[in-house]
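Student: Dropping the sequence and predicted coords here.
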Amino acid sequence: MTTKPSGRAADKADGAPLNPALKEAKDSTYGADQQGTDPMDTVSVQKDEGTAWPMIWAVTVIACVIITILLLVF
C-alpha cells in the first residue's frame with residue numbers, strides 16, 4: 001500500500017469548498033460603524049421563572065407511560 005497521493009484533480013486540495021454552493025458570504029449592508037445594543041441588556045427574567053417545567057415534563061412522561069401500558073395490555 002502506498003501513501004503517495006495520486007495525481008487526480010479530485011485529490012488536490014486547492015481551497016475549493018466541497019459544495020461550491022456553500023460559499024462564505026458576508027452581509028455588507030451593516031458595517032463596523034453601525035451602532036446597536038447588547039442583546040443581554042434587554043433580557044428580562046423573573047425570579048424562579050421556568051422552575052415548574054421539570055415537574056410538568058415528569059407528570060407528562062408518567063401519564064404517557066401509563067397510557068401506553070394500558071393500550072398494550074387491554
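Tutor: Looks like it came in fine.
Student: now the residue positioned nearest the centre of the chain, what's its secondary structure?
Tutor: Taking C-alpha atoms, centre = their mean as the criterion, Leu22 is the residue nearest the geometric centre of the chain, at 17.6 Å. The three-state assignment at Leu22 reads coil, by DSSP: H, G, I helix; E, B strand; the rest coil.
Student: residues contacting it?
Tutor: Counting by C-beta atoms under 8 Å, 6 or more residues apart in numbering, Leu22 touches no other residue. C-beta: built from backbone N, CA, C; applies to glycine.
Student: and it, what pLDDT?
Tutor: Per-residue confidence (pLDDT) for Leu22: 76.
Student: swap in Met1?
Tutor: On the pLDDT scale, Met1 gets 54.
Student: Could you do Ile67 as well?
Tutor: pLDDT for Ile67: 98.
Student: how much space between it and Thr60?
Tutor: 11 Å (C-beta to C-beta, to the nearest Å).
Student: just Asp33 next, same as before
Tutor: For Asp33, the distance to Thr60 - C-beta to C-beta - is 50 Å.
Student: cool, and Leu72?
Tutor: Taking C-beta to C-beta, one finds Leu72 at 19 Å from Thr60.
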